[in-house]
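Peer 1: fold the following, please.
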Amino acid sequence: MVNVPPVMTNFVIEDSPVGPLTLVFSTRGLMRLQFGRFRSDESEQTRFQQARDELEAYFDGDLTTFSIRLDQQGTAFQKRVWNAVNAIPYGETRSYGQLAHQLGNPQLARAVGHAVGLNPIPILCPCHRVIGSNGRLTGYLGGVHAKEVLLNLEAKKAQPNLFNTF
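Peer 2: Sure, this is the predicted structure:
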């Protein structure tokens, strides 16, 4: 059986709170989100528009769960880590150690950190929600400032309104 690589198409979102973003699609779904501006192609407009609309709604605080189909390429371990990252609720964080424990081996915190760092679809696979065991923000593909912006955005929406009376 021949393993045919997926066809890839790129689109650029020029304006986001964390700078330009490039979305890379395969024939199976969104494959990668890259910080910065890369080659752009104007085909596959429907999937691009869905991703763009969902990201815009997320940045506006109106979307807490993405529905666009992802095509994350990685090892079996990386995919397990990314699935655990995807399960972190909006507005919450987990440490690398907590994820390692959740995956069944607390000794794998560094390996979890490495897999999180290789996440090809940041924001949609919310690796910004993974922090150091001391509560500090650790490295992030888009920079620690972008991680802070994303966590603050989610914290605003996730905070209950204490003065709301029904």
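
Peer 1: just say helix, strand or coil for K147.
Peer 2: Reducing the assignment to helix, strand or coil with DSSP: H, G, I helix; E, B strand; the rest coil, the entry for K147 is helix.

Peer 1: also N10?
Peer 2: Classification of N10 into helix, strand or coil gives strand, according to three-state DSSP.

Peer 1: list the beta-bridge partners for it.
Peer 2: According to DSSP bridges, V24 are recorded as the beta-bridge partners of N10.

Peer 1: and the gap between it and L118?
Peer 2: N10 sits 19 Å away from L118, taking C-beta to C-beta, to the nearest Å as the criterion. For glycine as for every other residue, the C-beta is placed from the backbone atoms N, C-alpha and C.

Peer 1: which one of these two has more residues nearby?
Peer 2: Taking neighbours as other C-beta atoms under 10 Å, N10 and L118 compare with N10 leading, 18 against 15.

Peer 1: give me the nearest residue to L108, chain neighbours excluded.
Peer 2: The shortest distance from L108 to any non-neighbouring residue, by C-beta to C-beta, 6 or more residues apart in numbering, is to A100 (4.2 Å).

Peer 1: er, S95 actually
Peer 2: S133 (4.4 Å).

Peer 1: give me the distance between the nearest residue to L63 once chain neighbours are set aside and Q50.
Peer 2: By the measure of C-beta to C-beta, 6+ apart, the closest residue to L63 outside its immediate chain neighbours is A57, 3.7 Å from it. Distance from A57 to Q50, counting by C-beta to C-beta: 11 Å.

Peer 1: likewise for R32?
Peer 2: 16 Å.

Peer 1: for L23, same thing?
Peer 2: Taking C-beta to C-beta as the criterion, L23 is separated from Q50 by 10 Å.

Peer 1: who has more neighbours, these two?
Peer 2: Neighbour comparison, L23 and Q50: the larger count goes to L23, with 25 against 15 (by other C-beta under 10 Å).
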